[in-house]
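Asker: Could you work out the structure for the sequence below:
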Amino acid sequence: MSPVFEVILLVVLGFLVGVINTISGGGSMLTLPILIFLGLDSNVANGTNRIAIFLQNISAIAGFKSKGIKTSKLSWWLGVSALAGSIIGATIAIDIRDELFNRILAIVMILVVGIMVLRPNRKIVSLEERLTGKYFWISLIAFFFIGIYGGFIQAGTGIIMLLVLTTVNNMSLVKSNLVKAVVMLIYTSATLIMFYLSDNLNFKYGLLLASGQFLGGWLSARWSVNKGDGLVKVFLVIMVIAMAIKLWFF
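Answerer: Sure, this is the predicted structure:
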């Protein structure tokens, strides 16, 4: 593959994934296989993907704030909980064999797409948010385990976060997406350091992806969060099934 095509592929893919991640989540199910297809070891692809995720969430948070949506204290509490879990997950990911990682990624991709397709589109309009008491502790514990999963593989983490925030805390999708961005920014900073120290980052590919994801995250954060969900689901289902077959058998 020519260097010019690699640049175009990663930047365009990054933009698309930035939009997908900010609106719903699941974009890493595209970037991880593509990075592996470009020749990176699975562990390096897993770490490199975090560079773009980190920068994308900075732009997404800025995009939400430019529309007057502010971060809450809950975001920081959940971020710290997820960070603690992510250290455990990243430690497991760094030591895993490439072949086993590819098989796990293929299974995860299919499962997460199933959740995306089957989950109901909850529109929370009049329900009161549940941010204190037992609901606070349930979400705090849930995000610790989400952090373990996110530190390990990342793919689909955003979707799981939205499920928890909308069902446990009754948060709107707009607010949930901002909380998701803050939490990911916090725990990704820790996992990035761990993958860097274990020499599992490719900065060239990571920054190319990040350039597209930064712009995609900014623009999509400013759009209505409900726009484009149907198209994203269809696209993800087709791409993920094809890539899962490739990861498992080839």
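Asker: what is the mean pLDDT for stretch 18-32?
Answerer: Stretch 18-32 shows a mean pLDDT of 73 in the predicted model.
Asker: Check stretch 76-93 too.
Answerer: Per-residue scores along stretch 76-93 average to 91.
Asker: what comes into contact with it?
Answerer: 43, 46, 101, 136, 139-141, 143-153, 179, 182-183, 185-191, 194-195 (Cβ atoms under 8 Å, 6 or more residues apart in numbering). From N, CA and C alone the C-beta is placed, and that goes for glycine too.
Asker: Kindly give a single PyMOL line that selects the buried subset of those residues.
Answerer: Entered in PyMOL, the line below selects the buried ones among the contacts of stretch 76-93, by 16 or more other Cβ atoms under 10 Å:
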select buried, resi 43+46+101+136+139+143+144+145+146+147+148+149+150+151+152+153+179+182+183+185+186+187+188+190+191+194+195
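Asker: Give me the subset of the contacts of stretch 76-93 that lies in helices.
Answerer: Among the contacts of stretch 76-93, the members falling in helices are 43, 46, 101, 136, 139-141, 143-152, 179, 182-183, 185-191, 194-195 (criterion: DSSP state H).
Asker: correct me, but residue 69 touches residue 178?
Answerer: Yes - the pair residue 69 / residue 178 is scored as a contact, 5.5 Å apart, by Cβ atoms under 8 Å.
Asker: With neighbour numbers in mind, choose between the two.
Answerer: residue 178 (27 against 16; other Cβ atoms under 10 Å).
Asker: which ones are touching the more buried one?
Answerer: By Cβ under 8 Å, 6+ apart, the contact list for residue 178 reads 60-61, 64, 69, 71, 75.
Asker: for residue 217, same thing?
Answerer: Contact analysis of residue 217 by Cβ under 8 Å, 6+ apart lists 18-19, 21-22, 56-60, 63, 181.
Asker: Please apply the same query to residue 13.
Answerer: 30-31, 34, 209, 212.
Asker: Now it: phi and psi?
Answerer: phi -60, psi -40 (degrees, to the nearest 10).
Asker: Please apply the same query to residue 168.
Answerer: Dihedral angles for residue 168 - degrees, to the nearest 10 - are phi -80, psi -50.
Asker: Mind pulling the model confidence for it?
Answerer: 85.
Asker: got any ranges where the protein has weak pLDDT?
Answerer: Scanning the chain with the threshold set as pLDDT under 70 gives 1, 23-26, 98, 102, 105, 109, 112-113, 115-127, 218, 220-250.
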